[in-house]
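Peer 1: Provided below for reference: sequence and predicted model.
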Amino acid sequence: MSELQELTQLQTQAEAELADVKDDRQLEAWRITWLGRKGLVPAAVKKIGSLPKEERAAYGQAVNRLKQAVQAAYEARKQALKEEAMAAELRAEGFDPTLPGRRPSVGKLHPISAAMREIVRIFAHMGFQVYTARDVETDEYNFQLLNFPKGHPAREMQDTFHTTIPDVILRTHTSPGQIHVMRERYPEPIRVVLPGKCYRYEQVTARSEMMFHQIEGLAVGKQITFADLKGTLQAFVDQLFGEGRRLRFRASHFPFTEPSAEVDVDCILCGGKGCRVCKYTGWLEILGCGMVHPNVLRNGGYDPEEWTGYAFGMGPERIAMLLHGVDDIRYFYSNDVRFLEQF
């Protein structure tokens, strides 16, 4: 038998023995026998040196093919045994890999955060910019510069959280941001919304919380009128709730606007028939608004003889209640996953 025939026979024998391997222990024994340092394949490679020169080239090529074939067969069998072991383990556990996987629980926006983003998005399309003001304010910015002098009876409407530092408080509304933005941007025209948290020492009910959110709107320019304010709010309501909703402007009073109004929308929960949330009136207040008071314009650096402006403020919690048909504001802060998963 020639040397080349012996190599062919070696490959056939190696593959036959490999096919009978059933587990990793047998595979390792086969590897040592055929591919180990003293194995049959390395021995065949060393044999090149003992051959006549004219036979070495052909033999070298053949023995390299043998080595590559045996090595490839070993890797293939090793992978096959690994897959067989995994399949056996899955069968033992009763796992069916063809079944669809379970979707992992993922986080999502809180309904109030989603409502705030939608409100900001609508006003951004109207050209309003977002301005962020601080939560901790001074009495001067929260009250005095907004036409609430010390001792003013309107202060009794807002129960304030005071800090241990005199005249430093948690803001009761987002309106102090009006003074900040006017003083920063004077003498430029302004069109901003100011979203944020507010704090009032109030009884927690189905319609109120002691910590809540507000979104303030402010526009300052020349020849701005109440008609501009009404048009802006009607466009906002049409985009938020859909066209066809009715608005009602009721004369009101806020120290920082004159004239002032409260804006109601026909109750989406009851269709105007009356329910607990709308106090059985068919209307639900969604915001307060008015023309910026001359004193506030002056405190912001704008001459009220030359500049005018309007302002409005709304609660995203109330908007979220309307959008989702929720009749109790406390549900939003109960951290009940069963409730929050619905949004």
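Peer 2: Looks like it arrived, so ask away. Residues are numbered from 1 along each chain as shown.

Peer 1: So what does the residue of the chain most remote from its centre look like in phi/psi?
Peer 2: When distances to the mean C-alpha position of the chain are computed (C-alpha atoms, centre = their mean), the maximum falls on Pro52, with 76.8 Å. When read as degrees, to the nearest 10, the backbone of Pro52 gives phi -60, psi 150.

Peer 1: Do you know the pLDDT at it?
Peer 2: For Pro52, the pLDDT comes out at 82.

Peer 1: ok, now Arg134?
Peer 2: pLDDT, Arg134: 94.

Peer 1: Show me where the stretch 101-250 of the chain has its helices.
Peer 2: Using DSSP state H, counting those that start in this stretch, the helices of the stretch 101-250 of the chain run over 111-125, 139-142, 176-185, 226-241.

Peer 1: for those helices, which one ends up most surrounded?
Peer 2: Among the helices of the stretch 101-250 of the chain, helix 176-185 has the highest mean neighbour count (mean count of other C-beta atoms under 10 Å), at a mean of 21. Every C-beta, even on glycine, is put in place using the N, C-alpha and C of the backbone.

Peer 1: Surely Val41 is in contact with Ile32?
Peer 2: No. Taking contacts as C-beta atoms under 8 Å, Val41 lies outside contact range of Ile32: 11.3 Å.

Peer 1: which of the two has more neighbours?
Peer 2: Val41 (20 against 12; other C-beta atoms under 10 Å).

Peer 1: Regarding this protein, what is its longest helix?
Peer 2: When every helix of the chain is counted residue by residue (DSSP state H), the longest turns out to be helix 53-93.

Peer 1: Do a quick rundown of the strands in the stretch 201-343 of the chain.
Peer 2: For the stretch 201-343 of the chain, the strands defined by DSSP state E, counting those that start in this stretch occupy 211-221, 247-254, 257-266, 283-292, 308-314.

Peer 1: Show me what the fourth one packs onto, helices and strands only.
Peer 2: Helices and strands touching strand 283-292, as assessed by 3 or more C-beta pairs under 8 Å, 6 or more residues apart in numbering; DSSP states H and E, comprise helix 226-241, strand 247-254, strand 257-266, strand 308-314, helix 316-324.

Peer 1: Save the ones you listed as JSON lines, and put in distance to Gly288 too.
Peer 2: Below are these laid out as JSON lines (distance: least, C-beta to C-beta, whole Å):
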{"stretch": "helix 226-241", "distance to Gly288": "11"}
{"stretch": "strand 247-254", "distance to Gly288": "6"}
{"stretch": "strand 257-266", "distance to Gly288": "5"}
{"stretch": "strand 308-314", "distance to Gly288": "6"}
{"stretch": "helix 316-324", "distance to Gly288": "12"}
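
Peer 1: nearest to Val220, of these?
Peer 2: Among these, strand 308-314 comes nearest to Val220, with 3.6 Å by C-beta to C-beta.

Peer 1: other SSEs contacting that closest one?
Peer 2: strand 211-221, helix 226-241, strand 257-266, strand 283-292.

Peer 1: Apply 7 Å and report the result again.
Peer 2: Other elements packing on strand 308-314 under the criterion 3 or more C-beta pairs under 7 Å, 6 or more residues apart in numbering; DSSP states H and E are strand 211-221, helix 226-241, strand 283-292.

Peer 1: Serialize the ones you listed to a markdown table and add fields for distance to Gln342.
Peer 2: Below are the helices and strands packed on strand 308-314 laid out as a markdown table (distance: least, C-beta to C-beta, whole Å):
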| stretch | distance to Gln342 |
| --- | --- |
| strand 211-221 | 20 |
| helix 226-241 | 20 |
| strand 283-292 | 21 |
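
Peer 1: Span of stretch 139-147 from start to end?
Peer 2: One end of stretch 139-147 to the other measures 12 Å (C-alpha to C-alpha, to the nearest Å).
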